Structures are given as structure tokens and as C-alpha cells.
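Asker: The following comprises the amino acid sequence and a computationally predicted model.
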Amino acid sequence: MLKIGLCGCNGRMGKVITDIVSKKENMQIVAGFDAYTEKLADYPVYADPHEFTGACDVIIDFSNVSSLDMLLDYCVKTKTPVIFCTTGYDKEQLAKIREASAVIPVFRSGNMSIGINLMMDLLRKAATVLGDGYDVEITEKHHNQKLDAPSGTALMLADAVSEALPYDAEYVYDRHERRMKRPQNEIGIHSVRGGTIVGEHEVLFAGRDELIEIRHVALSREVFAVGAVDAAAFLGTQKQPGMYDMSDVIAAK
Ligand SMILES: NC(=O)C1=CN([C@@H]2O[C@H](COP(=O)(O)OP(=O)(O)OC[C@H]3O[C@@H](n4cnc5c(N)ncnc54)[C@H](OP(=O)(O)O)[C@@H]3O)[C@@H](O)[C@H]2O)C=CC1
Ligand SMILES: O=C(O)C1=N[C@H](C(=O)O)C[C@H](O)C1
């Protein structure tokens, strides 16, 4: 039985994960961690993982960037593998996550769906074939409760494209004060927020007389939750410290 700790258990994603895990026979959530400590499911909820006296095989985190320090401290001290699905970390926080991966297995992905991870491969291929003759613009759309912009996924998609481009790309998030033609090496990244949009990402390659659009739409949060539960099954049995992502889970299937 895989014992899971769930950080952000009382949030939108936490509730979907709780529902999916409750239907599995080979895994169980043994503790939840959340700023809002009301017990909403059949496991105890703590404000801080250090208060939990039991043990878990893996922690899944869909919470807030503010939980990072206490979560990393707990996971390193107890040698617990951890899956960071939260988005919006700054450079310093990303460096701390990477540092911890020298000691414990650490998984991080801004998008846990299979579809987005396939889209990254398609984008690498498109950028390789299209080369420098096409302008790249990324648009992401999310619900009006989302805290961070651009989305973690948009940044992952931009990284996938720029890895395969023949030039060093510059990410541009805002052009409202610009009075100049578009430089070739830009990747424009645009955020839309409204209503209950679960998550949409579109990458446009705009060339001379030709447009190529690659688009992913999440119709429910289940696509992220299913990926996170698969990642827990994968990371919970990993003994080797290091950085892991969805490509490792897909390769192990
Ligand atoms: N990688 C992926 O595939 C996906 C990533 N996400 C990311 O996951 C995160 C959560 O998303 P979502 O569930 O929609 O957000 P919610 O705001 O619905 O849930 C977050 C939960 O975390 C709690 N929380 C806030 N601060 C802390 C803290 N310091 N310690 C513990 N718990 C805390 C919140 O409590 P309170 O409400 O009291 O503040 C809330 O219950 C976001 O960063 C989002 O971008 C979302 C979907 C997919
Ligand atoms: O906050 C969300 O909801 C989502 N966040 C992730 C992101 O920032 O890319 C993933 C998904 O699109 C939903």
C-alpha cells in the first residue's frame, strides 16, 4: 500500500486527488497538509507536515509557493520523495528544489497531463523543422482564481520550443509600451484570466503566408490529478535522489 501525504489537500486540485485515490486499492492518503486545516476527508489535516508523526512514501503538492520551505525541510529531514505540482516559484525557490534533489527524489512539473507532455515533443519537432522563419507566440487561458501568470505550463512550452530553436530566444510578456517591430528572437507569452476555464494553451508559429497552431485544452482537473497519482506510484518506489518529471513516468509505463 503506497502511503501518500497531500499538501494543499483542501484546495481545488487536492479534492480531485482525494477522490481519485479513494477509489484505488493500492494507495491511500495518510495525511493532508493545508493552510485551511478543516478535516474534509477521512485523513487528518495538519498546517505543517512536521506535526505529522507517521510516515508517508511520497508527498504530492498542489498548494502555494509559500509552503515550499517547510515542505522541503520536512522531506529532506525524513527522506520523503516529493512531487511539486505547484506553479509560480521564483528563481531562488527553483534553486532550493534542485538542491534538495541531491538528497531525495524530487519531481516537478508545471503540468501533469499526458497531453501537455506529448505537446512538448510536438513543439520540439515543430521548432526544429520550422527553424528561424516563424514567429512563436504562446497564449494561455485560466480561471479567475489563478494566482500566478504566466502559467507554469506556458513556461514549460516556451522552454521546449526554445531548446530546439537555432537562436537564443527572449521571452516577452508585455508589449504595451513597445514602439518597435517584433524582433525575430522573441517568444511572446500572453495570459488570459476569466470564469472557470480549467486550462488552455496554444502555441502559434506564424510564418510568411502560413500559420501553424498547436493547442491543448484541459476539460477537467482530472487530467492533472491522474498524472499526479501516476507520478506518486512512480516516485514512491524511487530510492535514487535526483530531479524527475513526467517524461520519466511516461518512459516507465
Ligand atoms: N502541475 C499541474 O498540473 C497543476 C498545477 N496546479 C497548481 O497547483 C496549485 C494549486 O492549485 P489549486 O488547487 O487550483 O489551488 P487552490 O487555491 O484551490 O488550492 C491550494 C490549497 O493550498 C492551500 N495553501 C495555501 N498556502 C499553503 C501553505 N503555505 N501550506 C499548505 N497549504 C497551503 C490553500 O489554502 P487557502 O485556500 O486557505 O489559502 C488551498 O487549500 C497552483 O499553484 C496551481 O497553479 C494546478 C493544476 C494543475
Ligand atoms: O492553476 C491552475 O489551475 C493550473 N495551473 C497549472 C499552470 O500554471 O500551468 C497547470 C494547469 O494549466 C492548471
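Answerer: Thanks, I have it. Ligands and ions are numbered 1, 2, ... in the order given.
Asker: Around ligand 2, pick out the residues from the stretch 51-200 of the chain.
Answerer: Residues of the stretch 51-200 of the chain lying close to ligand 2 (Cβ under 6 Å from any ligand atom) are T87, G110, N111, H142, K146, S151, G152, T153, G199. (Each C-beta comes from the backbone N, C-alpha and C, glycine too.)
Asker: Might one say that the last one is in contact with T139?
Answerer: In other words, G199. No - at 12.0 Å, G199 and T139 do not qualify as touching, with contact defined as Cβ atoms under 8 Å.
Asker: Point me to the residue of this structure nearest ligand 1.
Answerer: When scored by Cβ to the nearest ligand atom, the chain has G11 as its residue closest to ligand 1, at 1.9 Å.
Asker: That residue - how many residues pack around it?
Answerer: Around G11 there are 19 other residues, counting by other Cβ atoms under 10 Å.
Asker: contacting residues for it?
Answerer: D34, F62, S63 (Cβ atoms under 8 Å, 6 or more residues apart in numbering).
Asker: residues from the stretch 51-200 of the chain in reach of ligand 1?
Answerer: 62-64, 66-67, 85-88, 109-112.
Asker: Just the buried ones from those, in PyMOL syntax?
Answerer: Selection command for PyMOL covering only the buried members of these, criterion 16 or more other Cβ atoms under 10 Å:
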select buried, resi 62+63+64+67+85+86+87+88+109+110+111+112
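Asker: Regarding this protein, what is its longest helix?
Answerer: helix 114-130 (DSSP state H).
Asker: list the buried ones in the helix or strand following that helix?
Answerer: Per DSSP states H and E, the first helix or strand lying C-terminal to helix 114-130 is strand 135-142. Neighbour counts over strand 135-142 (16+ other Cβ under 10 Å) mark D135, V136, E137, I138, T139, E140, K141, H142 as buried.
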